[in-house]
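**Q** Build me a model from this:
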Amino acid sequence: MVKTLITTNGQLGKIGSNLNQLTHHLNKDGAWPHHDTVQRLLDRVEASVAEVDAAVAQVTEGR
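**A** Below you'll find the predicted structure:
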């Protein structure tokens with residue numbers, strides 16, 4: 001379980017890096033095309049982070 005959480009955390013870190021690049025690009029150009037798509041992506045990332053946080057809490061409470 002811990003190994004899976006470490007892997008997942010690394011993947012979320014990569015997603016965060018990609019989101020930072022996307023945000024930089026969108027802010028540089030001054031336009032946010034496909035706002036709904038970007039919002040859905042952010043919602044999914046937030047949900048994934050919440051799931052990982054819950055799993056980490058379960059693991060750490062079991063110690």
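
**Q** Could you state which residue of the chain sits nearest its centroid?
**A** residue 45 (3.8 Å; CA atoms, centre = their mean).

**Q** Could you pull up the residues touching that residue?
**A** By CB atoms under 8 Å, 6 or more residues apart in numbering, the contact set of residue 45 is 12, 15-16, 19. Quick note: C-beta positions are derived from backbone N, CA and C, even for glycine.

**Q** I'd like the residues you listed as a markdown table, with neighbour count appended.
**A** Output for the contacts of residue 45, formatted as a markdown table (neighbours: other CB atoms under 10 Å):
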| residue | neighbour count |
| --- | --- |
| 12 | 15 |
| 15 | 15 |
| 16 | 12 |
| 19 | 14 |
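
**Q** what is the rounded mean pLDDT of the helix or strand hosting residue 44?
**A** Taking DSSP states H and E as the criterion, residue 44 maps to helix 35-61. Taken as a whole, helix 35-61 has a mean pLDDT of 86.

**Q** Centre of the chain to that helix, how far?
**A** Counting by CA atoms, centre = their mean, to the nearest Å, helix 35-61 is centred 6 Å from the centre of its parent chain.
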